[in-house]
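**Student:** My questions concern the predicted model and sequence given below.
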Amino acid sequence: MDTFRRIEIILYVKDQQKSADFYAKILKKLPILNVPGMTEFALSEHCILGLMPENGIATILSNTMPHPNQGNGIPRCELYLTVEEIETEFENAVIHGAKIVSPIKERNWGDCACYLADPDGHIIAFAQPLRI
């Protein structure tokens, strides 16, 4: 039995609109939701990428956790996306402002992958399985 009907990964961002524009360009799709406080992109039928302003989540976290802006620019997560054309995705991301962390190269786990950073320092990896 599949317990999870929908998976949503939410990144806390400094500027929701800037991040929404960035992800729309690198994902090559429009958000399915874009309202003050949340932007969502459908990555697959059951997986959503959400973007929430740091100040919005800070009100929920109240004083129990550090304010997310204290970690801005520090890699805090990785979005690993397996794609058909890694070179195309890499170039598209760089053109739209992604910072290169590690170029495209063969990795010892069986993928060819590259690593980039979004405007908040979250890591985005594009990967393509190595064909043997």
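**Tutor:** Looks like it arrived, so ask away. Just so you know, these numbers come straight off a predicted model, no measurement behind them.

**Student:** In contact with residue 102, which residues?
**Tutor:** Counting by Cβ atoms under 8 Å, 6 or more residues apart in numbering, residue 102 makes contact with 113-115. In this view, the C-beta of every residue, glycine as well, is placed from N, C-alpha and C.

**Student:** do you know how far the closest residue to residue 73 other than its chain neighbours is from residue 35?
**Tutor:** Nearest non-adjacent residue to residue 73, counting by Cβ to Cβ, 6 or more residues apart in numbering: residue 121, 4.3 Å away. Remark: distance between residue 121 and residue 35 (Cβ to Cβ, to the nearest Å) = 24 Å.

**Student:** What ranges does this protein have for its strands?
**Tutor:** Under the criterion DSSP state E, the chain contains strands at 7-13, 33-35, 38-44, 47-53, 78-82, 99-106, 111-117, 123-129.

**Student:** give the contact list for the residue nearest to residue 128 when sequence neighbours are not counted.
**Tutor:** In space, not counting the residues next to it along the chain, residue 128 is nearest to residue 86; the distance is 4.2 Å by Cβ to Cβ, 6+ apart. Residues in contact with residue 86 (Cβ under 8 Å, 6+ apart) are 104, 112-114, 126-128.

**Student:** which one of the residues you listed has the most neighbours?
**Tutor:** For the contacts of residue 86, the largest number of neighbours (other Cβ atoms under 10 Å) sits with residue 126, at 26 neighbours.
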